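Trainee: give me a model of this one.
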Amino acid sequence: MTASLRLHDDERPNWRTSTPFLLFHLLPLLAFATGVSVEAIVLCVGSYVVRMFFITAGYHRYFAHRSFRTSRPVQFLLALGGTTAVQKGPLWWAGHHRAHHRHADTDADVHTPLKGFWHSHVGWILADRHSGTDVDGIRDFARLRELRFLDRFDWIGPWALGIASFVVAGWSGLVVGFFLSTVLLWHGTFLVNSLAHVFGRRRYVTRDGSRNSALIAAVTLGEGWHNNHHHFPKSARQGFFWWEVDPSWYALRLLAALGLVHDLRTPSREVVLARRVT
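Mentor: Down below sits the predicted model:
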């Protein structure tokens with residue numbers, strides 16, 4: 001998919017307000033001074049996986065698509081865990097993602113690759129146009145004051161995790177276990193918005209350019225089955241077939257067995273077989 005739509009002026013990055021985000025990418029280089037301990041590496045990998053789950057299962061499948069149900073305390077924990085990924089609050093994230101599905105790969109899409117790879121991958125986040133929370137698009141959750149609190153004070157989770165990383169593994173834990181893990185987490189997540197609409201295979205006819213990619217699925221705990229997802233967005237399972245590895249789905253099944261979540265939505269056989277690419 002090549003760029004074919006023009007960026008509006010307010011969709012261009014605001015480099016002044018984006019400076020902290022850009023500088024954050026340099027912080028992992030401090031590892032040359034702190035060294036890299038085994039504890040920090042374990043923390044980096046573990047933090048990446050756990051926080052990716054909070055994004056995929058919490059921010060995405062639950063808050064954006066309501067693909068399963070849970071209690072209010074567990075809902076709060078999903079939101080709090082999601083904030084540790086440093087991708088803003090649950091209402092901001094889910095509201096913009098819902099807008100993406102309403103207008104996928106059109107001029108109104110918040111991050112279509114039709115406006116260029118850079119824009120779809122990260123540029124849209126840095127633009128003033130998308131800095132605020134789309135409350136109208138997420139009113140079902142925006143009515144809850146604890147979620148509004150986390151959306152407003154989305155720095156609490158990252159700061160808590162950063163401090164914990166330092167306590168557990170010192171400066172190496174902070175630099176590698178938190179900063180490096182966060183940068184990797186960002187770009188792993190962003191791949192779904194950019195490359196998952198460009199590279200891969202299409203099983204279903206959809207009105208957008210979504211594609212399935214086993215590689216992106218591996219990086220994002222199952223989010224790479226993106227054409228499946230756009231075909232049936234409300235599914236808690238995005239790998240529709242047994243060979244489509246979807247770790248987020250497996251974790252949700254475990255949480256369901258423990259009674260923490262319930263009513264996991266999955267596509268019927270009719271949905272799985274419908275609108276196939278011929």
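Trainee: show me where this protein has strands.
Mentor: 69-70, 261-262 (DSSP state E).
Trainee: list the contacts of the last one.
Mentor: Counting by C-beta atoms under 8 Å, 6 or more residues apart in numbering, strand 261-262 makes contact with 68, 69, 70, 74, 252, 255, 256, all of which sit outside it. The C-beta positions use only the backbone N, C-alpha and C, and glycine is treated the same way.
Trainee: check the first one too.
Mentor: When contacts are defined by C-beta under 8 Å, 6+ apart, strand 69-70 is touched by residues 62, 78, 260, 261, 262, 263.
Trainee: which one of those residues has the most neighbours?
Mentor: Greatest neighbour count in these, by other C-beta atoms under 10 Å, goes to residue 62: 26 neighbours.
Trainee: low-confidence ranges in the chain?
Mentor: 1-3 (pLDDT under 70).
Trainee: make CSV out of the contacts of strand 261-262 and add neighbour count.
Mentor: Compiled in CSV, these are given as follows (neighbours: other C-beta atoms under 10 Å):
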residue, neighbour count
68, 21
69, 13
70, 19
74, 16
252, 25
255, 18
256, 16
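Trainee: tell me which stretches of the stretch 51-200 of the chain form helices.
Mentor: Taking DSSP state H, counting those that start in this stretch as the criterion, the stretch 51-200 of the chain carries its helices at 72-83, 90-102, 117-121, 139-142, 145-152, 156-172, 181-193.
Trainee: adding distance to residue 26, write the ones you listed out as TSV.
Mentor: Formatted as TSV, those follow (distance: least, C-beta to C-beta, whole Å):
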stretch	distance to residue 26
helix 72-83	23
helix 90-102	25
helix 117-121	18
helix 139-142	34
helix 145-152	28
helix 156-172	16
helix 181-193	10
